[in-house]
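[1] Please find the sequence and the predicted model below.
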Amino acid sequence: MTASPLHIVSTGPATGLVAGGPYDELAAALLQRAGFVPVSTGRSSYWQIPEDLAPADAREIAGSAYDMLRAARYEVTIAPELRPAPAAVAREIKAMAGEIADAENLDTVIALLAPLAAPETGVLAEISWLIGHAARWTAVESACTYREGLARMVFGAAQAVEVAQGELNRVVAALSWVPEQMRGRNAPPVRAEADTHPRVTAARARSASPAGPGEQPSPPAAPASRPPAPGRRP
């Protein structure tokens, strides 16, 4: 017989967000760390989020408890309206983007893109699979009278993500074909001052040095007079 899972639900304004079900010391410690407090009555005991918290804060605590219990391999369910957004995935992707920006070679870029582009286990493949399930439910289970049109829209979104996954997979393959000697970071060339023509260097030095007190800048030299052309008087 399979044990009942832990569950995190909203029971309405009377008790707010609660967690119940079979839990041991570790599960209790995780719930307490997330922000739940123990409640014991004559007939039952459960964990509850403090009632004086704002709804957004309460949902965040519920999501944190759900993530921690899942990470500890507990079987746990959560009400759909309390399920946390994939913030962990978003944070991981932002961290990966930062690593790509600081990458010293193309190998790092490929290694970070590859998990997103994997045909069956990549993030985009999983997102397409999730949207596909939503499309099938809409087509079969929804009571909406125009569910067929809605289902086609959802299927279209799933296919678009699948196409993006295929394109990204091809991008990773193309990057992998770049020769090893061309995979480093392209540092902009630094031009040494010694490479500059001596006249240019002298002109820069003159323009950079200010005139001393009481000194007036020298007027430009007058052009040398040209000698008269032969046969003409000066």
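    Ah, there it is. Numbering: from 1, shown residues only.
[2] ok, I93 to V109 distance?
    Using Cβ to Cβ, to the nearest Å, one gets 14 Å for the distance from I93 to V109. For every residue, glycine as well, the C-beta is placed using N, CA and C.
[3] which of the two has more neighbours?
    Per other Cβ atoms under 10 Å, whichever of I93 and V109 has more neighbours is V109, with 18 against 14.
[4] and the more buried one, what is it in contact with?
    By Cβ atoms under 8 Å, 6 or more residues apart in numbering, the residues touching V109 are 100, 103, 175.
[5] Of these, which is the nearest to A143?
    Of all the contacts of V109, the one sitting nearest A143 is I100; the distance, using Cβ to Cβ, is 45.3 Å.
[6] Name all residues that make contact with the closest one.
    108-109, 112-113.
[7] same question, I131
    Residues in contact with I131, defined by Cβ under 8 Å, 6+ apart, are 154, 157-158, 161.
[8] What is the nearest of these to A118?
    Closest approach to A118 among those (Cβ to Cβ): V161, at 13.7 Å.
[9] Outline the domain layout of the chain.
    Domain assignment for the chain by automatic domain parsing gives 6-82, 87-180.
[10] returning to what we had before: check the contacts of I131 for burial and list the buried ones.
    Buried members of these, scored by 16 or more other Cβ atoms under 10 Å, are 154, 158, 161.
[11] Is it possible to get TSV of those residues that adds distance to T138, secondary structure and pLDDT?
    Below are those laid out as TSV (distance: Cβ to Cβ, whole Å; DSSP: H, G, I helix; E, B strand; the rest coil; pLDDT from 0 to 100):
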residue	distance to T138	secondary structure	pLDDT
V154	5	helix	94
A158	11	helix	92
V161	16	helix	91
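[12] could you redo those as a markdown table and give each row distance to Y146?
    Listed next are these as a markdown table, based on distance: Cβ to Cβ, whole Å:
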| residue | distance to Y146 |
| --- | --- |
| V154 | 13 |
| A158 | 19 |
| V161 | 23 |
